[in-house]
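Trainee: pasting the structure only:
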């Protein structure tokens, strides 16, 4: 199992939640699979607040299958009753086979007519002990068959996301383009075609997610030091990013972690 807190603003408020790694051929198509399961008392709700990764998510629920694009701000969902979801954080290599224009999906959710995927994942989720592993196996198998063989451009698009968001990620689009041995313009076209947002936006979102995670891990950490560690010009720049995307200042976010 992989880390389950990245991108989740208030992990303590989550219902039962798991992230499972993509394996085999599916590892080129999904960064991971995420599965929340909830059973909320009648008349109550559980608000889940997320600052999404700069990527598309393919999600199966009892009601059907949806694909959601990258977001420009924090989002939330109020969970009620009893339910589950099985989502795949898609790698760029899978996007071209599923979506014609990912930029049109920014801040948008679209329903997909994939009844066989929905039925097979739902059956796995209802299958008893080991249901999450079976759901991921089913989802992975469908994804590999649906996408088919990958060409060189798909692999290069995956490399783009690793350079912009992986360990030791590039700090600027120019640095990312240099690492990939392409022009900045080519880098921008790849990001638009396979992700839907600009390389600069991907870098900003990664830094903001890392900042939020550092605040969660050490609520007493100095915010100026976090800003410097992540390459922000100064503490004020970090605060502006928090305000623009999350709608609150870092200190306010830190105070809310104990709520």
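Mentor: Received the coordinates, thanks. Remember, predicted model here, so these are calculated numbers, not experimental data.

Trainee: Could you list the residues in contact with the helix or strand containing residue 225?
Mentor: For residue 225, the host element (DSSP states H and E) is helix 223-229. Outside helix 223-229, the residues that touch it by Cβ atoms under 8 Å, 6 or more residues apart in numbering are 211, 214-215, 233-235, 237-239, 250-251. (Each C-beta comes from the backbone N, C-alpha and C, glycine too.)

Trainee: what's the closest of these to residue 36?
Mentor: Residue 36 lies nearest to residue 215 out of the contacts of helix 223-229, by Cβ to Cβ, at 22.7 Å.

Trainee: if we can go back for a sec, tell me how far the helix holding residue 225 is from the chain's mean position?
Mentor: Helix 223-229 sits 24 Å away from the centroid of its parent chain (Cα atoms, centre = their mean, to the nearest Å).

Trainee: Can you point out the buried residues in that helix?
Mentor: 223, 226-227 (16 or more other Cβ atoms under 10 Å).

Trainee: Next one: the residue nearest to the spatial centre of the chain relative to residue 45, how far apart?
Mentor: In the chain, the residue lying closest to the centroid (Cα atoms, centre = their mean) is residue 53, at 3.5 Å. Distance from residue 53 to residue 45, counting by Cβ to Cβ, to the nearest Å: 25 Å.

Trainee: swap in residue 191?
Mentor: Residue 191 is 36 Å from residue 45, by Cβ to Cβ.

Trainee: Which residue of these two possesses the greater neighbour count?
Mentor: The residue with more neighbours, out of residue 191 and residue 45, is residue 191; 26 against 13, by other Cβ atoms under 10 Å.

Trainee: Just confirm the more buried one is within a strand.
Mentor: No: Residue 191 is assigned helix when assessed by DSSP: H, G, I helix; E, B strand; the rest coil, not a strand.

Trainee: Let me see the contact set for it.
Mentor: Per Cβ under 8 Å, 6+ apart, neighbours of residue 191: 160, 164, 197-199, 202.
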